[in-house]
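Participant: structure for this input, please:
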Amino acid sequence: MAVSVIKARRVCFNDTLQLTGRLVAREEVPVRPDAEGLRVTQTLVEDGDKVTAGQVLARLGRTEGLPGPTGTVQVTAPAAGIVLGPPPPSPRAQGPQPMFRIIVNGEIEADIEAPAVTLPRISVGQSTDVDIAGIGPVPGRVRAISPEVDPATQIGHVRIGFKTDKALHVGSFVKATIVRGRTCAPSIPLTAILYGAEGAVVQIVRNGRIQTQPVRVGLLAGEDAEVREGLAVGEVVVRRAGTFLREGDIVRQVNADEAS
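Facilitator: Prediction:
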């Protein structure tokens, strides 16, 4: 019987996690007037403007007929950064609402949602690829991992820092691929692996006969699988393993290129 075969080759696999999230300010400070009962007389900045610490953002005046000192009150930036408008109104908010928010130093990063079961696989400093909607992938690293998990959703949060000269927008959707490590091992097509009650096996051709060999499968990349145990680089396996082949069958091997 002629069978299509392929040699196990050495391939390096990236152990990755693919997660999603959004862009957020690394640090954000609210800007409120020092006094209440004031009205805006002049707004000097808009969303997205870059400002310096102490720069005047708006001027306020007291409404006629209300008690208090007269004159103009200036609202200044507490830190250098990028201006955001006020946050959406919240029924839980107490005190005066911020007039502005400042993204400190203009630093924006990715806030990634991670299921609780994946958090032990993530550590600070791991390399990542951050795919930003409308921009594309940029390299980054895990900066921080929140110690808290939402008890209802079992979702935790991971912060990923990165550098890019592209214009970013807080709230934009991102995909993150976190690289946990890299391993190099024998690799074969997924079609060469059979799964049964006792686990995964491959059909090796040795001396013109079929031998069934248990293997331990690791990472996957496209149509290829990493074999961590049971197979060596260079060994010849049946490309499309099937039940019509039995242990000890005599076969004539045909290389995959020739078969195609």
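Participant: pull out the buried positions in stretch 215-223.
Facilitator: Going by neighbour count (16 or more other C-beta atoms under 10 Å), the buried part of stretch 215-223 is 215, 217-219. Using the backbone N, CA and C atoms, a C-beta is placed for each residue, glycine as well.
Participant: any chance of the residues you listed in TSV, with distance to Gly21 and secondary structure too?
Facilitator: Formatted as TSV, the buried residues of stretch 215-223 follow (distance: C-beta to C-beta, whole Å; DSSP: H, G, I helix; E, B strand; the rest coil):
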residue	distance to Gly21	secondary structure
Val215	36	coil
Val217	30	strand
Gly218	27	strand
Leu219	23	strand
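Participant: among those, which one has the lowest pLDDT?
Facilitator: Minimum pLDDT for these is recorded at Leu219 (87).
Participant: ok, now which ones touch the closest residue to that residue other than its chain neighbours?
Facilitator: Closest residue to Leu219 apart from its sequence neighbours, by C-beta to C-beta, 6 or more residues apart in numbering: Phe13 at 4.1 Å. Neighbouring residues of Phe13 by C-beta atoms under 8 Å, 6 or more residues apart in numbering: 182-185, 187, 218-221, 226.
Participant: out of the residues you listed, which are inside strands?
Facilitator: Of the contacts of Phe13, the ones assigned to strands by DSSP state E are 182-185, 187, 218-221, 226.
Participant: any idea how far the nearest residue to Pro78 once chain neighbours are set aside is from Val254?
Facilitator: For Pro78, ignoring the flanking residues on the chain, the nearest one in space by C-beta to C-beta, 6+ apart is Val29 at 5.5 Å. Applying C-beta to C-beta, to the nearest Å, the value for Val29 to Val254 is 69 Å.
Participant: now swap in Ala35 and tell me
Facilitator: Ala35 is 86 Å from Val254, where distance means C-beta to C-beta.
Participant: and stretch 42-51, which residues are buried?
Facilitator: Neighbour-count burial for stretch 42-51, with 16+ other C-beta under 10 Å as criterion, is recorded at 45, 51.
Participant: got the CA coordinates for that stretch in CSV?
Facilitator: Output of stretch 42-51 as CSV, limited to C-alpha atoms (Å, rounded to 0.1, in the frame of the first residue of the first chain):
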residue,chain,number,x,y,z
GLN,A,42,-14.4,81.4,28.6
THR,A,43,-13.1,77.9,27.6
LEU,A,44,-9.6,78.0,26.3
VAL,A,45,-8.9,74.3,25.4
GLU,A,46,-10.7,71.5,23.5
ASP,A,47,-10.5,67.7,23.7
GLY,A,48,-7.2,66.5,22.5
ASP,A,49,-5.2,69.6,23.2
LYS,A,50,-1.8,69.3,24.7
VAL,A,51,-1.3,71.4,27.8
